[in-house]
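Q: everything below, folded, please.
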Amino acid sequence: MEVILKQDISSLGMTDDIIKVKAGYGRNFLIPQGYAILATASAKKMHSENLKQRAHKEEKIKNDALVIAAKLKELQITIGAKTSTSGKIFGSVNTIQIADMLAQKGFDLDRKKISIKEDSIKEVGKYTALVKLHREIIVEIPFEVISE
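A: Residues are numbered from 1 along each chain as shown. Just a heads-up that it's a prediction; the model follows:
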């Protein structure tokens, strides 16, 4: 079954992608939840027209993302956490804390667009986060976790 995505879904694709999914997944989850529409011939035709009209707007969004990416690459983030004497963190560092630090630096990014390369951060040290600004632009941001 082919569907046209109406919004970004991390495991499937981005908005306006035409993808193939199993019939039950599309019919019972994606379409009723409003995440996708069925890719019929008329829907594909309307989709292509919308994409043509949106092409120049997309270019502006991509250029804005490139400007933000250039600024983010120069950024150094330090996150303070309560730790034990051995350097283990009470709790863990997550994307919410990274998004808060970026907001303090003047970058208002959704925490869902940020991912951390490591599974969980439970010790003091240097790590890397990935920020997805656009479907083609992903920026690596190094950050350091220090003891408060």
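
Q: how much space between residue 132 and residue 108?
A: Counting by Cβ to Cβ, to the nearest Å, the separation of residue 132 from residue 108 is 15 Å. All C-beta atoms are positioned from the backbone trio N, CA, C, and that covers glycine.

Q: residue boundaries of the strands in this protein?
A: Applying DSSP state E to the chain gives strands spanning 2-5, 18-20, 36-38, 77-81, 88-93, 114-116, 121-123, 125-134, 137-147.

Q: need the contact list for the residue nearest to residue 118 when sequence neighbours are not counted.
A: Spatial nearest neighbour of residue 118, chain neighbours left out: residue 127 (5.8 Å); criterion: Cβ to Cβ, 6 or more residues apart in numbering. By Cβ atoms under 8 Å, 6 or more residues apart in numbering, residue 127 lies in contact with 93, 116, 117, 118, 121, 142, 143, 144, 145.

Q: which of the residues you listed lies closest to residue 87?
A: Taking Cβ to Cβ as the measure, residue 87 sits nearest to residue 145 out of the contacts of residue 127, at 9.6 Å.

Q: most centrally placed residue in this structure?
A: Closest residue to the average C-alpha location of the chain: residue 113 at 2.4 Å, with Cα atoms, centre = their mean.

Q: what bridges to the nearest residue to that residue once chain neighbours are set aside?
A: With Cβ to Cβ, 6+ apart as the criterion, residue 113 has its nearest non-adjacent residue at 4.8 Å, and that residue is residue 132. Residue 132 has the following beta-bridge partners by DSSP bridges: residue 138.

Q: give the burial count for residue 148, as a bare number.
A: Number of residues near residue 148 (other Cβ atoms under 10 Å) recorded here: 8.

Q: can you flag the buried ones in the contacts of residue 127?
A: Buried subset of these (neighbour count, 16 or more other Cβ atoms under 10 Å): 93, 116, 121, 143, 145.

Q: tell me the contacts of the first one?
A: Looking back up the chat, that one is residue 93. Contacts of residue 93 (Cβ under 8 Å, 6+ apart): 79, 81, 116, 121, 127, 145.

Q: switch the cut-off to 7 Å
A: By Cβ atoms under 7 Å, 6 or more residues apart in numbering, the contact set of residue 93 is 79, 81, 121, 145.

Q: what is the neighbour count of residue 89?
A: 20.
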